[in-house]
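In: could you work out the structure for the sequence below:
(one chain, ligands or ions: 4)
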Amino acid sequence: MAEMVAGDISMSSKVKKMQTFFGLQVTGKLDYSTITVMKKPRCGIPDVANYHLFPGEPKWQKSTLTYRIANYTSSLSKPDVDRAVEMGLKAWSDAAPLNFVKISQGEADIMISFEAGDHGDSYPFDGPRGTLAHAFAPGEGLGGDTHFDNAERWTTGAHGFNLFTVAAHEFGHALGLGHSSDPSALMYPTYKYQHPIGFRLPKDDVKGIQALYGPRKVVLGRPPTRVNRTVPQQPAHKPNHSGQCDSNLSFDAVTVLGNEFLFFKDRTFWRRQTQLSNIRPSSIASSFPQLMSNVDAAYEVAEKGTAYFFKGPHYWTTRGLQIQGSPRNIYDFGFPSNIQKVDAAVHLKDSKKTLFFVGSEYYSYDEKERIMENDYPKSIEDEFSGLEGKIDAAMEVNGFIYFFSGPKAYKYDTEKEEVVNIRKSSSWIGC
Ligand code: 0D3
Ligand code: CA
Ligand code: ZN
Ligand code: ZN
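Out: Ligands and ions are numbered 1, 2, ... in the order given. Next comes the predicted model:
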């Protein structure tokens, strides 16, 4: 194909250069976004920063982003890839109020994969060297997705191409940064090895990411490292005994009861020992004939040896699995009269408060004083960042709150005040 030539430098290679510099897809053609960038006015004041944002400054509208490593490369072990990706993301979340959660199924905001040659997004890779990777600016669908050229020799060291270095650079694009003209910036267009251990984002990149998301807030009194509390082992992958193992399963209610977890769905409930992976499903009617089916919420106050089960405007009290007396009215708790039912309840051991989730809001009940606290309801989204949609069920285990919302189970760290893990709800009953 004949190329337009300006002097002795081909036009297309000039355009390619520009596109590379601005972090645009390198087509060599003067497309709309390239022209937009070229037309951008440059002001007379000398630049104090050299970072660039994409045209239209796309950015994520939420602070908790999911990522998923869809496939791996044969150049490295899986744990090495996982670590490089995690550290690449951490470089950015250290500087801005962003939180990254790894998921292993379904569609993540940032889908990460190793691809070779043509791979269906009309930006084929070019074999060894040349382009190492590309990432799409924030947005739906391909937005945020990050592809690494599988033809490269990916390494954890200073030879070949260091995966952490390239991942950290690409995640800058996935978060909304283009290329920087500052040669010391991570977002400079050409590869330079960065030592992963103790890596800190260069100044220019910090300016860039903070221009989009603001600075990370320092939490006073938060310990720099947290004690690694043990989490119950997830059961091995085997079908559960009821024969139904729907990966989109959601729960109506969950609670800890003694040394067991109880999971309720329609007419069934599953009992699972907290320390073992032994799961037994049974019908609600056989153990709790008064409840029959469709439990809305449940929680235990272990200290009192009492549990509470909610269904519509009624609740039952139990000692272990023994229901005590007749159902009572939920307005005993001090709910306003327009509340017909609660979605979920969780008792927090340390504060001795029980949180009740209703629609997009939650209430806090003081178990010691036996009163609903003032200043509630509060917005779930505002107080528990990273949760989406209505809460179906919740329980507290080892200081973490597990929120179940549709097919997703969120692990919420109450000290960090953020979601630290998302998995399938069904994984809790061995699916
Ligand atoms: C790329 O492939 C960038 C990736 C990049 C850039 C800087 C730091 C890490 C990763 C595409 S967004 N750049 C090409 C490159 O550096 C130009 N290729 C390898 C080389 O040695 N020329
Ligand atoms: Ca390449
Ligand atoms: Zn691609
Ligand atoms: Zn780049």
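In: contacts for the helix or strand where I422 lies, please.
Out: Assignment of secondary structure by DSSP states H and E places I422 within strand 418-424. Residues from elsewhere that reach strand 418-424, judged by CB atoms under 8 Å, 6 or more residues apart in numbering: 64, 66, 99, 101-105, 247, 249, 385-387, 400, 407-413, 431. Where C-beta positions appear, they are placed from N, C-alpha and C, glycine not excepted.
In: which of those residues come close to ligand 2?
Out: Among those, no residue lies close to ligand 2 (CB under 5 Å from the ion).
In: name the residue of the stretch 301-431 of the chain that lies nearest to ligand 2.
Out: The minimum distance from the stretch 301-431 of the chain to ligand 2, using CB to the ion, falls at I422 (32.4 Å).
In: just the buried ones from the contacts of strand 418-424, in PyMOL syntax?
Out: Remark: buried members of the contacts of strand 418-424, expressed as a PyMOL selection using 16 or more other CB atoms under 10 Å:
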select buried, resi 64+66+99+101+102+103+249+385+386+387+400+407+408+409+410+411+412+413+431
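In: between the two ends of stretch 332-348, how far is it?
Out: Stretch 332-348 has its terminal residues 20 Å apart, counting by CA to CA, to the nearest Å.
In: got the buried residues for it?
Out: 333, 335, 339, 342-348.
In: near ligand 2, which residues of this structure?
Out: 126, 130-131, 149.
In: kindly recompute the last result at 8 Å.
Out: Applying CB under 8 Å from the ion, we find that the chain lies next to ligand 2 at 125-132, 149, 151-152.
In: going through those residues, which ones are buried?
Out: For the residues of the chain next to ligand 2, buried by 16+ other CB under 10 Å: 125, 131-132, 149, 151-152.
In: in TSV, list the residues you listed along with distance to ligand 3 and pLDDT.
Out: Output for those, formatted as TSV (distance: CB to the ion, whole Å; pLDDT from 0 to 100):
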residue	distance to ligand 3	pLDDT
F125	7	95
T131	10	96
L132	12	97
D149	9	97
A151	13	93
E152	14	96
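In: specify which member of these is nearest to R216.
Out: The nearest member of these to R216, counting by CB to CB, is L132 at 28.1 Å.
In: phi and psi next, for the closest one.
Out: Torsion angles at L132 (phi, psi; degrees, to the nearest 10) stand at phi -100, psi -30.
In: tell me the contacts of it?
Out: 148-149, 152, 161, 166, 191.
In: one more: N50?
Out: N50 touches 180-182, 185, 204, counting by CB under 8 Å, 6+ apart.
In: gap between the closest residue to it other than its chain neighbours and V397?
Out: Nearest residue to N50 in three dimensions, chain neighbours excluded: D182, at 3.7 Å (CB to CB, 6 or more residues apart in numbering). D182 sits 46 Å away from V397, going by CB to CB, to the nearest Å.
In: looking at the two, which is more packed in?
Out: Under the neighbour definition other CB atoms under 10 Å, D182 and V397 were set side by side, and D182 has more, 19 against 14.
In: of the contacts of strand 418-424, which belong to strands?
Out: 64, 66, 99, 101-102, 400, 408-413 (DSSP state E).
In: can you list the buried residues in the strand holding I422?
Out: Buried residues in strand 418-424 (16+ other CB under 10 Å): 418-420, 422-424.
In: tell me the gap between that strand and the middle of its chain.
Out: Centroid separation for strand 418-424 versus its chain: 6 Å, with CA atoms, centre = their mean, to the nearest Å.
In: need the strands for the stretch 201-350 of the chain, in chain order.
Out: Secondary structure of the stretch 201-350 of the chain (DSSP state E, counting those that start in this stretch): strands at 253-257, 260-265, 268-273, 279-283, 297-301, 306-311, 314-319, 322-329, 344-348.
In: quick check, the residue in the stretch 151-300 of the chain closest to ligand 3?
Out: Minimum separation of the stretch 151-300 of the chain from ligand 3 (CB to the ion) falls at E170, amounting to 10.6 Å.
In: so that residue makes contact with T131?
Out: No: the criterion here is CB atoms under 8 Å, and E170 misses it with T131 at 11.2 Å.
In: quick check, Y402 in a strand?
Out: Yes: membership of Y402 in a strand is supported by DSSP: H, G, I helix; E, B strand; the rest coil.
In: show me the beta-bridge partners of it.
Out: Taking DSSP bridges, one finds M395, K411 as the beta-bridge partners of Y402.
In: end to end on stretch 417-431, go ahead and measure it.
Out: 28 Å.
In: where does the prediction get shaky in the stretch 1-150 of the chain?
Out: Residues of the stretch 1-150 of the chain that meet the criterion pLDDT under 70 lie in 1-26, 29-48.
In: that one: strands as residue ranges?
Out: Counting by DSSP E, counting those that start in this stretch, the strands of the stretch 1-150 of the chain are 5-6, 9-10, 64-69, 99-102, 110-115, 133-135, 146-149.
In: and the closest residue to ligand 2 within the chain, how far from ligand 1?
Out: Ranked by CB to the ion, the top residue of the chain for proximity to ligand 2 is D149, at 3.9 Å. For D149, the distance to ligand 1 equals 8 Å [CB to the nearest ligand atom, to the nearest Å].
In: any idea what that residue is bridged to?
Out: E115.
In: residues contacting it?
Out: Counted by CB under 8 Å, 6+ apart, D149 has contacts 114-116, 125-127, 131-133.
In: next, format the strands of the stretch 1-150 of the chain as CSV and append distance to S360.
Out: Below are these laid out as CSV (distance: least, CB to CB, whole Å):
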stretch, distance to S360
strand 5-6, 58
strand 9-10, 57
strand 64-69, 17
strand 99-102, 21
strand 110-115, 26
strand 133-135, 33
strand 146-149, 32
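In: quick one, which of these is packed in tightest?
Out: Mean neighbours per residue, mean count of other CB atoms under 10 Å, is largest over these for strand 146-149, with a mean of 24.
In: in the protein, spot the helix with the most residues.
Out: Longest helix in the chain by number of residues, with DSSP state H as the criterion: helix 78-93.
In: any buried residues in that one, and which?
Out: Neighbour-count burial for helix 78-93 flags 80-81, 83-85, 87-93 (criterion: 16+ other CB under 10 Å).
In: spatially nearest residue to the closest residue to ligand 3 within the chain, not counting backbone neighbours?
Out: Relative to ligand 3, the nearest point of the chain is H147 (3.5 Å; CB to the ion). Sequence neighbours aside, E115 is the residue nearest to H147 in space, at 4.8 Å (criterion: CB to CB, 6+ apart).
In: and stretch 181-194 with ligand 1, contact?
Out: Yes: counting by CB under 6 Å from any ligand atom, contacts between stretch 181-194 and ligand 1 involve 189-191.
In: so which bits of stretch 388-396 are buried?
Out: Neighbour-count burial for stretch 388-396 [16+ other CB under 10 Å]: 388, 391-396.
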